[in-house]
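> How does the following fold in three dimensions:
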Amino acid sequence: VQLVESGGGLMQPGGSLRLSCAASGFPFSSYRMSWYRQAPGKERELVAGISSAGGSTNYADSVKGRFTISRDNAKNTVYLRMNSLKPEDTAVYYCNARIITVQGPFGYWGQGTQVTVSS
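Here you go, the predicted model:
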């Protein structure tokens, strides 16, 4: 099982980035996918989530209207488009795959990709 994030980097405030998370080794289209982030000294927080078929999304209040989550089940990939970036968006961004089983919730994490917003 692998979740491999890419697309992070250094961006000036107001800029845009698109993160990608390529999945393998599990039935991607059956899993809810989410992006989390963790800034230095802070807890990991949910940024955005998307249902298995892509018909439902949710966002943290801090990113609503600026970030868009999407997925391509044919490519086993989930994306996070980030516009109007702010310094407070600086964090390591993690991809998460989650499914509810009869034993309870189960999922996987990627290794993270660093996003730094600074002038």
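> Do me a favour and average the pLDDT over the host helix or strand of Ser20.
Using DSSP states H and E, Ser20 maps to strand 17-24. On average, the pLDDT along strand 17-24 is 98.
> distance between it and the chain's centre?
8 Å (Cα atoms, centre = their mean, to the nearest Å).
> Can you list the helices and strands that that strand packs against?
Strand 17-24 sits against strand 2-6, strand 32-38, strand 77-82, strand 91-101, strand 113-117, with contacts defined as 3 or more Cβ pairs under 8 Å, 6 or more residues apart in numbering; DSSP states H and E. Backbone N, C-alpha and C define where each C-beta goes, glycine included.
> so what strands line up beside the helix or strand of the chain with the lowest mean pLDDT?
Lowest on mean pLDDT, DSSP states H and E among the helices and strands of the chain sits strand 104-109, with a mean of 92. Sheet pairing of strand 104-109 (DSSP bridges) gives strand 91-101 (antiparallel).
> Look up how far Phe28 lies from the residue most central in space within the chain.
In the chain, the residue lying closest to the centroid (Cα atoms, centre = their mean) is Trp35, at 2.3 Å. Distance, Trp35 to Phe28, by Cβ to Cβ, to the nearest Å: 15 Å.
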